[in-house]
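Asker: coords please:
(2 chains, ligands or ions: 7)
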Amino acid sequence: METGDEINICSDNEVNDYYGEDANNTDCNYDSLIKEEDSLDSDSDSPVAKKRPRLEGPPDRNYKVLKQSDIRERQEKTIAEVAMVLSVSKAVATVLLRHYNWSAGKVHEAWFSDEDRVRKNLGLLPIIEFPLDSTEVKCGICFDLFPTRDEIVSAACGHPYCVECFRGYIRTSINDGPGCLMLRCPDLSCSAVVDQDMVNSLVSEEEKQKYSTYLYRSYVEENKKIKWCPGPGCEHAIEFDDNQGWDVTCACDFSFCWNCVEDAHRPVDCETVANWMAKNDDESETKTWILAQTKPCPKCAKPIEKNEGCMHMTCHSPCRYQFCWICLGDWHNHINCNGYKEDKRKEVEDAKRHVQKYNHYYERWAAHNLSRLKAVSDLGRVQTEQIEQLSEIHGKTQIELGFIAEAWQQIVECRRVLKWTYAYGYYLPEAEDAKKQLFEFLQGEAEAGLERLHGYAEKEVRQFLNADERSVNFEGFELKLKSLTGVTKKYFEKLVRALENGLSEVQEAGKSYMEEHCISYFEICELPN
Amino acid sequence: MIDFGRVQKELQECSRDMAASGIKVSPKSDNLARLVGTIPGPIGTPYEGGTFQIDISLPDGYPFEPPKMQFATKVWHPNISSQSGAICLDILKDQWSPALTLKTALLSVQALLSAPEPDDPQDAVVAQQYIREHQTFLGTARYWTESFAKASSLGVEEKVQRLVEMGFAEAHVRSALEAVGGDENLALEKLCSG
Ligand SMILES: [Zn+2]
Ligand SMILES: [Zn+2]
Ligand SMILES: [Zn+2]
Ligand SMILES: [Zn+2]
Ligand SMILES: [Zn+2]
Ligand SMILES: [Zn+2]
Ligand SMILES: [Zn+2]
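Answerer: Ligands and ions are numbered 1, 2, ... in the order given. Purely as a prediction, here's the structure:
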């Protein structure tokens, strides 16, 4: 895997891809990124403000950030397209698209291969007309008699309900949540769909709005290629195309794993992260959960309130996951909550034995996480204040001072990686001694490099900020900071690569690997001052 | 607000065909939001001969929201909590529709007594017994019907009392009575032979 790239003193602006495939990232620089964000900004309603270059993802990224307006536009376009091709109303096209995860291709395929079957499955029945002169009609909900059909409404099936009752039916469903998007005729034996046109003809503006918000959200939530950005307060979504590497960075700057929607966690895999996060929850929250009336759905994490006596919980649409309130286990594979107790006792024993080990890794995981958050805010300060100040005092352009922000971006990224390596370390089997040694060596090397870089970036810069005039030492500072950034980057690349290979080098070379491939700690000290 | 006009119609309709369905619904208080339903135990089940009372309370959104139903009579059934009487039945939850009524809901509860769904249990202990020791399950369910769902149920404690006075341990007496479905003579035989 060594590609022969010598310690790079970061002479160019290449910051976008620290650990990606080296071959593709040559045209990635500040300029292209800034241009891209400018175009995002140019939309009038764009919430995107101050931007900085991404830390991850190759320039021809395998994902796309979608704003609200993008999502609406795409949704409307798809609905209109399907309505036109199939010659159906937009409301019917919407029903079809929702069923086929918003894929127009799949709708067309299914429809043209067997329209009748699709209609039957989705409750898109031919409309039954009733003569208006017929005798008294009884509403199927309030059981009142109505002299004519004027006050009666029905879905295509013709099951009669009075306007008031049907309105109440739809209203209750809308207030219940996004399940209203799949509303059918109230008659349990009937599958006739209640589509958006019918909803809109009966409910208030506010309820129509609510319904259309659910519909808007369903475009992302039921689409297999799009997910909401979990960044705080962010309303963007990320569209992902199959490719290697799940980490994405939203326009709001939040980085996350598109697959499991945790914080970006490369090089550690999603499963390890899930186990680790569950473990952390376990330690602190189990007890409060048992008492609470609300628990997050174990599948989609939306809060589910328990309001029945029964332990069988069903999550809201569209998730509809069924689970046991007590143990949060899958309802259908759920035999006995009591069986859990025996496992639990053993688990307590194990936990006692492992508690020290866990604490060791957890403390470090948490500390690097905190340090990363601090570095993120420091990076912000560097970009808004420090660079301007330094540029005034030392007569450098802001582009010439770009190396300082680069150093901080490297710090932020490395803290992230380092944090996750502690989750990795926790799950590394104790029996695999050689792997453990290699892991700890690489981790130690990377960590030491990072501490050095972080300390230097934090402290050394002060003398130049406080200087009254241009300082000759500044050139030395620049050179050393760049070197430290480059060296730290290399350490982390190596660590990331090794973990992604499952530390397989160990089998081939054992100890000699360390001797041959590892950059000496002390190279750093030989750097010019 | 609860549609009381509809509740009234439901009660009338229900009492009209009570003879045929055996299902009764009557108000507990005068505001019709709290009612009691009564269903006969289905024939050919361990609940046969029992009369089961179900507490019903109507939420404000009724009939758009499902009625809350809970067994007031203790019952031994995989989908009903032996502790609280809570019922695990989809139409009382997310499968409810305003086109259903209290009567149709109670009929579904009655059908649940005939056809337990041990794969979707409310009471894990009962469900385990239903699957693994079906005979024991039938005995227990019958004993509970005998003890709690019959007018003569009051007699159980007296039977226990009498057998204990004969010199048997109370725990043995109770399990013997349970095993034979509450018949005092059979229980005595069992106690003597065991
Ligand atoms: Zn009506
Ligand atoms: Zn219908
Ligand atoms: Zn975002
Ligand atoms: Zn992940
Ligand atoms: Zn869920
Ligand atoms: Zn459970
Ligand atoms: Zn249930």
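
Asker: give the contact list for A:Arg217.
Answerer: Contacts for A:Arg217 (C-beta atoms under 8 Å, 6 or more residues apart in numbering or on different chains) come out as A:Pro178. From N, CA and C alone the C-beta is placed, and that goes for glycine too.

Asker: secondary structure class for it?
Answerer: Three-state call for A:Arg217 (DSSP: H, G, I helix; E, B strand; the rest coil): helix.

Asker: Do you know the pLDDT at it?
Answerer: At A:Arg217, the predicted lDDT confidence score is 95.

Asker: any weak-confidence spans in the stretch 151-300 of chain A?
Answerer: Counting by pLDDT under 70, the stretch 151-300 of chain A contains low-confidence residues at A:242-244, A:283-294.

Asker: Tell me the spacing between A:Leu442 and ligand 5.
Answerer: Distance of A:Leu442 to ligand 5, given as C-beta to the ion, to the nearest Å: 39 Å.

Asker: what's the closest non-adjacent residue to that residue?
Answerer: A:Leu495 (4.7 Å; C-beta to C-beta, 6 or more residues apart in numbering or on different chains).

Asker: doesn't that neighbour fall inside a helix?
Answerer: Yes - using three-state DSSP, the assignment for A:Leu495 is a helix.

Asker: what's the spacing between it and A:Gly444?
Answerer: 10 Å (C-beta to C-beta, to the nearest Å).

Asker: With neighbour numbers in mind, choose between the two.
Answerer: Ranked by neighbour count (other C-beta atoms under 10 Å in any protein chain shown), A:Leu495 and A:Gly444 place A:Leu495 first, with 26 against 13.

Asker: Kindly tell me how buried B:Tyr47 is, as a neighbour count.
Answerer: 25.

Asker: for B:Arg6, same thing?
Answerer: Neighbours of B:Arg6 using other C-beta under 10 Å come to 19.

Asker: Dihedrals phi and psi, residue 144?
Answerer: In the absence of a named chain, chain A is used. Phi and psi for A:Asp144, reported as degrees, to the nearest 10, are phi -80, psi 160.

Asker: wait, chain B
Answerer: phi -70, psi -40.

Asker: give me every residue that touches the spatially closest residue to it that is not a sequence neighbour.
Answerer: Using C-beta to C-beta, 6+ apart and skipping residues adjacent in sequence, the residue nearest B:Trp144 is B:Trp76, 4.2 Å away. When contacts are counted by C-beta under 8 Å, 6+ apart, B:Trp76 is found next to B:46, B:82, B:126, B:137, B:140-141, B:143-145.

Asker: mind listing what the residue of the stretch 51-200 of chain A found nearest chain B touches?
Answerer: Residue nearest to chain B within the stretch 51-200 of chain A: A:Thr172 (3.8 Å; C-beta to the nearest C-beta). For A:Thr172, the contact set (C-beta under 8 Å, 6+ apart) comprises B:61, B:64-65, B:98.

Asker: Make a markdown table from those and add secondary structure to it.
Answerer: Formatted as a markdown table, the contacts of A:Thr172 follow (three-state DSSP):
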| residue | secondary structure |
| --- | --- |
| B:Gly61 | coil |
| B:Phe64 | coil |
| B:Glu65 | coil |
| B:Pro98 | coil |
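
Asker: so can I have CSV of those residues showing neighbour count?
Answerer: Converted to CSV, those look like this (neighbours: other C-beta atoms under 10 Å in any protein chain shown):
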residue, neighbour count
B:Gly61, 17
B:Phe64, 23
B:Glu65, 16
B:Pro98, 24
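
Asker: helix, strand or coil for whatever residue of chain B ends up closest to ligand 3?
Answerer: Closest contact between chain B and ligand 3, by C-beta to the ion, is at B:Asp94 (32.4 Å). With three-state DSSP as the basis, B:Asp94 sits in coil.

Asker: which residues does it contact?
Answerer: A:179, A:314.

Asker: how far away is it from A:Gln196?
Answerer: 22 Å.

Asker: what's the answer for B:Gln135, then?
Answerer: 55 Å.

Asker: quick one, which of the two is more surrounded?
Answerer: Using other C-beta under 10 Å as the criterion, B:Gln135 and A:Gln196 rank with A:Gln196 on top: 22 against 9.

Asker: so that one sits right up against A:Ala91, yeah?
Answerer: Yes - taking contacts as C-beta atoms under 8 Å, A:Gln196 lies within contact range of A:Ala91: 4.3 Å.

Asker: Within reach of chain A, which of the contacts of A:Thr172 are there?
Answerer: For chain A, the contacts drawn from the contacts of A:Thr172 by C-beta under 8 Å from any C-beta of the partner chain are B:61, B:64-65, B:98.

Asker: Of those, which is the nearest to ligand 1?
Answerer: Taking the ones next to chain A among the contacts of A:Thr172 together and measuring to ligand 1 by C-beta to the ion, the closest member is B:Pro98, at 9.0 Å.

Asker: who's in contact with the closest one?
Answerer: A:141, A:165, A:168-169, A:172, A:186, B:63-64.

Asker: which among those gets closest to ligand 6?
Answerer: Nearest to ligand 6 among the contacts of B:Pro98, counting by C-beta to the ion, is A:Thr172 at 30.0 Å.

Asker: Against ligand 2, how distant is the closest one?
Answerer: From A:Thr172 over to ligand 2 (counting by C-beta to the ion), the distance is 17 Å.

Asker: A:Arg74 too?
Answerer: Relative to ligand 2, and taking C-beta to the ion, A:Arg74 is found at 33 Å.

Asker: Brilliant, that's me finished.
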